[in-house]
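Student: Have a look; sequence and predicted model below, questions after that.
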Amino acid sequence: MSLDWISPGISFLVAASALAVGILASRQARNRMNELEQLKAQMLEWNRRLEDKVSERTADLKEAHRRLQNTYLETVTSLVEAISAKDIYLFGHSHSVGTYARAIGEEMGFSRDRLDRLVQGCELHDVGKIAVPDTILMKPGPLNKEEFEIVKQHPLWGARILKPLTFMKDIGEMVHQEHERWDGTGYPQGLKGEQIRLEARVIAVADALDAMISDRPYRQSIGLERASQELHRCAGTQFDSIVVDACLRAIRAGKIVPLSHEQIHSSIKTASPPFTHA
């Protein structure tokens with residue numbers, strides 16, 4: 001079976017990966033998304049062609065597909081890292097959310113594999129912000145209604161970006177659902193209760209906790225005690241009560257403490273690459 005169609009694809013993704021990082025220098029979010037949409041279209045086409053060749057799947061074909069998906073994922077993560085490097089708040093935010101979410105998941109009895117997937121979901125939960133204009137993303141103050149409506153689209157954009165990665169379907173669901181609320185008033189789908197994936201409910205609590213205990217340009221951290229009180233107040237409405245209880249237990253046990261900028265930076269530098277398609 002000929003694999004000639006794969007080589008140009010690999011070259012395309014490698015070139016696109018380098019191009020994508022350069023795109024971040026521009027403040028035009030539309031251009032960023034156009035380039036990423038082209039990559040996504042290529043990946044979806046390769047996925048389709050793989051499905052059409054069920055009877056011809058060989059070890060070489062599977063390996064080529066694995067490398068293509070990893071290259072696409074490296075492009076996406078490089079974009080997220082570059083955005084985070086430009087924004088003081090976003091730098092390390094996903095890492096902090098992952099740290100807090102892991103502690104919550106441990107309290108809830110998650111297996112090691114499930115914890116690892118949960119952390120991966122945290123690392124990519126803001127990937128859709130690639131499509132948010134820089135003027136909104138880095139605005140030094142609260143957003144107005146129109147700006148917030150744009151930001152509310154980022155879970156949907158994130159899910160679309162991750163769709164070609166067939167080995168990360170569960171993580172795509174986490175990204176898509178982490179802004180849903182237990183009472184059904186969240187976005188973008190308005191899911192309610194256990195309709196929301198459990199990992200997404202954990203990420204929602206960890207994300208809110210980090211937002212409250214982190215300094216932002218327009219307000220200071222409210223501290224762990226007040227943040228705990230706020231999580232308790234919102235349990236059963238915004239958040240799953242079971243997840244909030246697990247979070248509060250982790251806080252009381254000293255398993256969750258606010259991370260300093262230096263701790264985050266050190267952890268990121270020493271961490272091994274989290275995203276690979278085995």
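Tutor: Structure received.
Student: For residue 77, see how far away residue 126 is.
Tutor: 12 Å (CB to CB, to the nearest Å). C-beta coordinates here come from the backbone N, C-alpha and C atoms, glycine included.
Student: cool, residue 45 as well?
Tutor: On the measure of CB to CB, residue 45 and residue 77 end up 22 Å apart.
Student: The two: who's more crowded?
Tutor: Between residue 45 and residue 77, residue 77 has the larger neighbour count (other CB atoms under 10 Å), namely 17 against 13.
Student: Assign that one to helix, strand or coil.
Tutor: At residue 77 the chain is in helix, as set by DSSP: H, G, I helix; E, B strand; the rest coil.
Student: Then residue 204?
Tutor: For residue 204, the assignment made with three-state DSSP gives helix.
Student: Please verify my assumption that it contacts residue 179.
Tutor: Yes: Residue 204 lies in contact with residue 179 (CB atoms under 8 Å); the separation is 7.0 Å.
Student: Of the two, which one has the most company?
Tutor: More crowded of residue 204 and residue 179, by other CB under 10 Å: residue 204, with 27 against 22.
Student: Excluding covalently adjacent residues, which one is nearest to that one?
Tutor: Distances taken as CB to CB, 6 or more residues apart in numbering put residue 178 closest to residue 204, at 5.2 Å, once the chain neighbours are dropped.
Student: For residue 120, see how far away that neighbour is.
Tutor: According to CB to CB, residue 178 and residue 120 sit 13 Å apart.
Student: So between these two, which is more surrounded?
Tutor: Higher neighbour count among residue 178 and residue 120: residue 178, with 26 against 18, using other CB under 10 Å.
Student: isn't that one right up against residue 205?
Tutor: No: using CB under 8 Å, residue 178 makes no contact with residue 205, being 9.8 Å away.
Student: Now do the phi/psi pair for the residue nearest to residue 204.
Tutor: For residue 178, the backbone dihedrals (degrees, to the nearest 10) come out as phi -70, psi -10.
Student: Please apply the same query to residue 235.
Tutor: Torsion angles, degrees, to the nearest 10, at residue 235: phi -70, psi 130.
Student: what's the answer for residue 239, then?
Tutor: For residue 239, the backbone dihedrals (degrees, to the nearest 10) come out as phi -120, psi 160.
Student: That one: neighbouring residues, count only.
Tutor: Residue 239 has 23 neighbouring residues, counting by other CB under 10 Å.
Student: Not counting its neighbours along the chain, what's nearest it?
Tutor: Residue 239's closest residue in space is residue 205 (CB to CB, 6+ apart), at 5.3 Å.
Student: how about low-confidence regions in the stretch 151-278 of the chain?
Tutor: Applying pLDDT under 70 to the stretch 151-278 of the chain picks out residues 217-218, 260-278.
Student: show me where it has helices.
Tutor: Using DSSP state H, counting those that start in this stretch, the helices of the stretch 151-278 of the chain run over residues 154-162, 169-177, 198-213, 224-234, 241-252, 261-270.
Student: In terms of secondary structure, what does the second one contact?
Tutor: Helix 169-177 makes packing contacts with helix 112-123, helix 154-162, helix 198-213 when contacts are defined by 3 or more CB pairs under 8 Å, 6 or more residues apart in numbering; DSSP states H and E.
Student: which one of those lies closest to residue 104?
Tutor: Proximity to residue 104 (CB to CB) singles out helix 198-213 among the helices and strands packed on helix 169-177, at 5.2 Å.
Student: Summarise which helices and strands the closest one is packed against.
Tutor: Under the contact definition 3+ CB pairs under 8 Å, 6+ apart, helix 198-213 sits against helix 93-107, helix 112-123, helix 169-177, helix 224-234, helix 241-252.
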